[in-house]
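**Q** Task: produce atomic coordinates for the following.
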Amino acid sequence: MTQAAVARTYANDRGLELHLNWTLPCASPTLPGLHCAGAIIGPIAGGREGILYQCTGGRAIGPPVAQFAIPGLREVIDGLWVRRSGRSIWTRVKVPTGYTELTLPDDTFTGSYRVAIDSPRCEESARRLLDRDFTEWHLKHGPQGNALSQAGSFEISGGALFIRGEERSFNTAEKLDAFAVAVAALAARVGAFVDEA
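**A** Residues are numbered from 1 along each chain as shown. A predicted model of the protein is given here:
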């Protein structure tokens, strides 16, 4: 089954809206553009309203992403970048231009992820969100992928949470469901953080 057919079946079976080619309401500063393929819109995994989609750049289909607009998020934290990365020179991901690396005390998390902020104003809230409870949970229950995958990477920008998925997330309904469940859980944790702030 093609990825478009998987997205269509998945959306139909769950009563979600589907757009095979769509323009996103807002873009991530580090993911390609506003255009996407296979946008599935509605309550993701029965939770918060969101969008599951694949980035498009030219003719190529890019990584699977989930996007959640969370009320109050921009006021609490904005400009956070969390990307899967190794520690060696060969596996270390470059911090985006205009961002400053944020060092966290959790060595296990920082061995797998690199964290940066775009402004000192969000450092305190970024540290509160990425406490040890959150980082331990994310390593076990966040979106997973193989060693080279960017699955589990996420960023907060413009009042939205963007979460990368494993490259083959749209290949089967089971993989798409696993992606949806993982991103919905992450969105719920970020939403609860905003509610408590």
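**Q** So residue 162, which state does it fall into?
**A** strand (DSSP: H, G, I helix; E, B strand; the rest coil).
**Q** count of neighbours near it?
**A** 24 (other Cβ atoms under 10 Å). The C-beta positions use only the backbone N, C-alpha and C, and glycine is treated the same way.
**Q** Which strand residues bridge it?
**A** residue 67, residue 155 (DSSP bridges).
**Q** Who are the contact partners of it?
**A** Residues in contact with residue 162 (Cβ atoms under 8 Å, 6 or more residues apart in numbering) are 28, 31, 65-67, 154-156.
**Q** least trustworthy position among the residues you listed, going by pLDDT?
**A** For the contacts of residue 162, the weakest pLDDT value sits at residue 31, with 73.
**Q** I'd assumed it was in a strand, is it?
**A** No. Counting by three-state DSSP, residue 31 is not part of a strand but coil.
**Q** pretty sure it contacts residue 64?
**A** No. In this structure, residue 31 is not within contact of residue 64 by Cβ atoms under 8 Å, at 10.8 Å.
**Q** Spit out the residues that contact those two alike.
**A** Shared contacts of residue 31 and residue 64, counting by Cβ under 8 Å, 6+ apart, come down to residue 164.
**Q** ok, these two, which is more surrounded?
**A** residue 64 (29 against 21).
**Q** helix, strand or coil for the more buried one?
**A** strand.
**Q** from what I can see it touches residue 163, true?
**A** No. In this structure residue 64 lies outside contact range of residue 163 using Cβ under 8 Å: 9.2 Å.
**Q** Okay, buried residues for the least confident helix or strand in the chain by mean pLDDT please.
**A** Lowest on mean pLDDT, DSSP states H and E among the helices and strands of the chain sits strand 60-69, with a mean of 83. Buried residues in strand 60-69, defined by neighbour count with 16 or more other Cβ atoms under 10 Å: 61-69.
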